[in-house]
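> Prediction below, plus the sequence it came from.
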Amino acid sequence: MGGSSLPLLLLCVLGVCAEDPPPAVPASDPWGEFWLVRFVVNIAGYGTILVPGFLLIKYFKRRNYLETGRGLCYPAVKSCVFGNESKSAAPEEPSSAARTDADPSTTQQALRLLFCAAGLQISYLTWGVLQERVMTRTYGSEEGGRGERFRDSQFLVFMNRILALTVAGMYCAFTKQPRHGAPMYKYSFASLSNILSSWCQYEALKFISFPTQVLAKASKVIPVMLMGKLVSHKTYEYWEYLTAVLISVGVSMFLLSNGGGARASGVTTFSGVVILSGYIVFDSFTSNWQDSLFKYKMSSVQMMFGVNLFSCLFTVGSLLEQGALVEAARFMIRHPDFAFHASLLSVCSAFGQLFIFYTINKFGAAVFTIIMTLRQALAILLSCLIYGHPVTAVGAVGLAVVFLALFLRVYARGRMRRKGKKAADPPAVQKV
């Protein structure tokens, strides 16, 4: 209930309750505004940091700096390139095993899952409302002017990451954290894919409708599982594949039956489909790479700090090289309401990231994706409540399929856990 009331209040504050936003298709933009050109330029900006960093890492490893290095720079190089654990030391247990070390009761596990789900829903339902407002509406038109639309998706990514870095840094500074063991450069992989997925998410709203974007996000469960096999060599049970398919089918039924009339079908373009495909690929890699990094026994906030540190480095470097940082600052000065929306967007993103890392650490990437998939259905349900769209019979069946799949997944995981405990019982307990 709290997850739907907060975005509803926000919608009224932002003044978007009365009508759907107009289509945001850039029909006559110059060549420099073409999304593929911007994407390549952004990648080139990241490359000016990635390439020298890659060459330095290769150099230090080739020189066997871990054994021969000395001096003031040695601790920093050791932490960034080699980490605080020996190269030959294998992680004690995979992250999935670490999540079950404490062996919480079913009630504790359920409450923890409920906490994660509620935090993610509140943060990202609100964030979704703000995202659509910033990317699909003009600023300045209410004062009688023509109004202008903010177009730099990368600046919004930077705003989100700088606040998340600050929050994570302060938390790490004032609380006791585990001894950090991962080489710092490994965060850059998740950071780069996270930046690109966020950029794709913002950019896609210029070409396609919000319901279409939500529908694409709702189908991520299977790509995440496939990426888990590729990145972490994970194995999944048949029931995990079955429930993933059921969730995708159920959410798709709901979205297709209830979100189709928001905009004209012509808004959906080939560019939008390509950008959304990029989002799904990058986002699937991000969650699985973070899941694999948790084997170093780091905390969720340490993960958040490491990923956002590189994200800020990449985005601010690229923005400065393009001169976009100054232009974005000028836009904020011209339109204080945009500054407020962008700041609030960053707050939602920062708290959302805390819940993301905590959920992935405790339950894994696939469970996190299920929660976020359910959020897509709630986002459309919220739209139905605000704008009076009726929930059709097909949509109701879709929701029933989703909740059935979630119930089956929880039931199957419980059975597997009980089987594992029985198998681990010592012989002395089993003999009678």
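Yep, that arrived.
> pLDDT (mean, whole number) over the helix or strand containing F355?
Using DSSP states H and E, F355 maps to helix 336-363. Here helix 336-363 scores 86 as its mean pLDDT.
> now do stretch 78-89
Here the mean pLDDT over stretch 78-89 is 60, rounded to a whole number.
> Stretch 308-315 too?
So the average pLDDT for stretch 308-315 ends up being 94.
> With stretch 56-68 instead?
Computed over stretch 56-68, the mean pLDDT rounds to 81.
> Alpha carbons only: can I get stretch 35-43 in PDB?
Once side chains and other backbone atoms are set aside, the C-alpha atoms of stretch 35-43 remain, and they are given as PDB (Å, rounded to 0.1, in the frame of the first residue of the first chain):
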ATOM      1  CA  TRP A  35      21.300   8.400 -30.200                       C
ATOM      2  CA  LEU A  36      23.900   6.100 -31.800                       C
ATOM      3  CA  VAL A  37      26.300   9.000 -32.200                       C
ATOM      4  CA  ARG A  38      25.800  10.000 -28.600                       C
ATOM      5  CA  PHE A  39      26.300   6.400 -27.500                       C
ATOM      6  CA  VAL A  40      29.600   6.100 -29.500                       C
ATOM      7  CA  VAL A  41      30.800   9.500 -28.100                       C
ATOM      8  CA  ASN A  42      30.000   8.400 -24.600                       C
ATOM      9  CA  ILE A  43      31.900   5.100 -25.100                       C
END
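> Just the buried positions in it, please.
Of the residues in stretch 35-43, those buried by neighbour count under the rule 16 or more other CB atoms under 10 Å are 35, 38-39, 42. The way it works is simple: take the backbone N, C-alpha and C, and place the C-beta from them, glycine included.
> I'd like to know which of those residues are part of helices.
Among the buried residues of stretch 35-43, the residues falling in helices (DSSP state H) are 35, 38-39, 42.
> Would you confirm that I280 contacts V221?
No: in this structure I280 lies outside contact range of V221 using CB atoms under 8 Å: 10.7 Å.
> check contacts around Q154.
38, 42, 195, 199, 315, 318-319, 324 (CB atoms under 8 Å, 6 or more residues apart in numbering).
> please redo it, this time with the cut-off set to 10 Å
With contact taken as CB atoms under 10 Å, 6 or more residues apart in numbering, Q154 is in contact with 38-39, 41-42, 45, 195, 198-199, 202-203, 314-316, 318-319, 322, 324-325, 328.
> Can you point out the buried residues in the host helix or strand of it?
Using DSSP H and E, Q154 sits in helix 153-174. With burial defined by 16+ other CB under 10 Å, the residues of helix 153-174 counted as buried are 153-165, 167-168, 171-172.
> hang on, the earlier thing: the helix holding F355 vs helix 153-174, what angle?
What separates the directions of helix 336-363 and helix 153-174 is an angle of 60 degrees, with axes from the mean of the first three to the mean of the last three CA atoms, to 10 degrees.
> next one: helix 336-363 to chain centre, how far?
Helix 336-363 sits 10 Å away from the centroid of its parent chain (CA atoms, centre = their mean, to the nearest Å).
> hey, where'd the strands end up in the stretch 251-400 of the chain?
Under the criterion DSSP state E, counting those that start in this stretch, strands are not mapped anywhere in the stretch 251-400 of the chain.
> low-confidence ranges in it?
254-269, 365-366, 373, 377, 380-391 (pLDDT under 70).
> quick one: the helices in it?
270-293, 300-322, 324-334, 336-363, 365-387, 393-424 (DSSP state H, counting those that start in this stretch).
> Could you give the number of residues near the closest residue in space to S318 that isn't next to it in sequence?
Spatial nearest neighbour of S318, excluding adjacent residues (CB to CB, 6 or more residues apart in numbering): G45 at 2.8 Å. The burial metric for G45, expressed as a neighbour count using other CB atoms under 10 Å, is 21.
> sec struct for K234, please.
coil (DSSP: H, G, I helix; E, B strand; the rest coil).
> give the contact list for the closest residue to S141 other than its chain neighbours.
Excluding its sequence neighbours, the residue lying closest to S141 (CB to CB, 6+ apart) is G147, at 3.0 Å. Under the criterion of CB under 10 Å, 6+ apart, the contact list for G147 reads 137-141, 335.
> gap between G147 and F340?
With distances defined as CB to CB, to the nearest Å, the gap from G147 to F340 amounts to 17 Å.
> coming back round to it: please point out which parts of the helix holding F355 sit buried.
338-339, 341-342, 344-363.
> Kindly report the same for stretch 175-186.
When neighbours are counted by 16+ other CB under 10 Å, the buried residues of stretch 175-186 are found to be 180-186.
> Which of the residues you listed sits closest to Q376?
Distance from Q376 was checked for each of the buried residues of stretch 175-186 by CB to CB. The minimum falls on K186, at 30.2 Å.
> hang on, the closest one packs against F294?
No: in this structure K186 lies outside contact range of F294 using CB atoms under 10 Å: 11.6 Å.
> Which strand or helix spans the closest residue in space to L408 that isn't next to it in sequence?
Once its chain neighbours are removed from consideration, L408 has its nearest residue in T243; the separation is 5.4 Å (CB to CB, 6+ apart). Using DSSP H and E, T243 maps to helix 238-258.
> Make TSV out of the helices of the stretch 251-400 of the chain and add distance to I122.
Compiled in TSV, the helices of the stretch 251-400 of the chain are given as follows (distance: least, CB to CB, whole Å):
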stretch	distance to I122
helix 270-293	20
helix 300-322	18
helix 324-334	26
helix 336-363	8
helix 365-387	10
helix 393-424	19
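> Which of these sits closest to V51?
With CB to CB as the criterion, V51 lies closest to helix 300-322 of these, at 12.0 Å.
> That closest one to helix 153-174, inter-axis angle?
Taking the same axes, to 10 degrees, one finds helix 300-322 and helix 153-174 inclined to each other by 140 degrees.
> Identify each buried residue in helix 300-322, please.
Taking 16+ other CB under 10 Å as the criterion, helix 300-322 shows 300-319, 322 as buried.
> quick one: contacts for the closest residue in space to L196 that isn't next to it in sequence?
Of all residues not flanking L196 in the chain, F282 sits nearest, at 4.5 Å (CB to CB, 6+ apart). With contacts defined as CB under 10 Å, 6+ apart, F282 is in contact with 192-201.
> if we can go back for a sec, relative to helix 324-334, how tilted is the helix holding F355?
Interaxial angle of helix 336-363 relative to helix 324-334 (the same axes, to 10 degrees): 120 degrees.
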